[in-house]
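In: Next one to model:
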Amino acid sequence: MQDIAATFEANGFAVAPRALSDSQCAELEACVGAVDLQGAGTRELLSFDWAQQFARQLRDLPALAPLLGDSRTAIQCIYFAKLSSRNWLVTLHQDLSIPVAARAADAPCKAWSEKEGTWFCQPPADFLAQLVAVRVHLDDSTEANGPLRVVPGSHRLGRIASQDVAAHRRRLGEVACVTARRSLVAMRPLLLHASSKSTSEAPRRVLHYVFAPAEIPWGLRWKHAF
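Out: Prediction:
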């Protein structure tokens, strides 16, 4: 476990191959299959009991425990399904927003917005640096079906200005996170990441959990906390 923790610290991401059982993955497939999606996915899966229960299972997995540290509270679960009939690309970016229970005028946060009935804001980078995202792969992730691509080590650079993204990619390189069904990819939200359009008929369905410290400063509260 020391090796995966060291990789995560240095690169800002780590892969845990086939960390879930077939039965766990099949149960998740059934649960997400029953969700009435509007568009490519939803940010609000933590409103479902099954997603809350699985968050508790995730944080107790031996492969993840050394990566989460004190950030063991699940604050968000996003589901998206990239299919041949529902396809898109995402350019290199950082995940800068967090979901909170209500807006706080005095909080040092930027870019307040409301999506699916939830307030989002962008807190300071030193707080974002504590978060851990865990991507649960319900299908094989291949070079052909629009895999996650990351710029290793970019999580150490704080908030990155859009005009500097290309230079950091040239300097640090880019890695495609191809991995098998049942695998997990843990990443820091400040890591530069992207995905291309799929050129395959094979689906790529992902549950994207975000874990954080139990408490937020500045008088803010999490919308969900499990």
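In: Low-confidence bits of this protein, can you list those?
Out: Residues of the chain that meet the criterion pLDDT under 70 lie in 1-2, 37-41.
In: quick one, strands of it?
Out: In the chain, the strands defined using DSSP state E lie at 13-16, 41-42, 73-82, 90-93, 98-100, 110-115, 118-122, 132-137, 148-150, 175-176, 184-187, 193-195, 204-212.
In: For the ones you listed, give me a markdown table that also has distance to V35 and mean neighbour count.
Out: C-beta here means a position set from N, CA and C on the backbone, and glycine is covered the same way. Output for these, formatted as a markdown table (distance: least, CB to CB, whole Å; neighbours: other CB atoms under 10 Å):
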| stretch | distance to V35 | mean neighbour count |
| --- | --- | --- |
| strand 13-16 | 25 | 22 |
| strand 41-42 | 7 | 19 |
| strand 73-82 | 7 | 22 |
| strand 90-93 | 21 | 14 |
| strand 98-100 | 18 | 22 |
| strand 110-115 | 17 | 11 |
| strand 118-122 | 16 | 19 |
| strand 132-137 | 14 | 23 |
| strand 148-150 | 21 | 23 |
| strand 175-176 | 27 | 16 |
| strand 184-187 | 20 | 24 |
| strand 193-195 | 21 | 23 |
| strand 204-212 | 11 | 23 |
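In: okay, the ones you listed in CSV with distance to D164 next?
Out: Formatted as CSV, the strands of the chain follow (distance: least, CB to CB, whole Å):
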stretch, distance to D164
strand 13-16, 20
strand 41-42, 29
strand 73-82, 26
strand 90-93, 11
strand 98-100, 23
strand 110-115, 18
strand 118-122, 17
strand 132-137, 22
strand 148-150, 16
strand 175-176, 19
strand 184-187, 20
strand 193-195, 15
strand 204-212, 25
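In: Cool, thanks, talk later.
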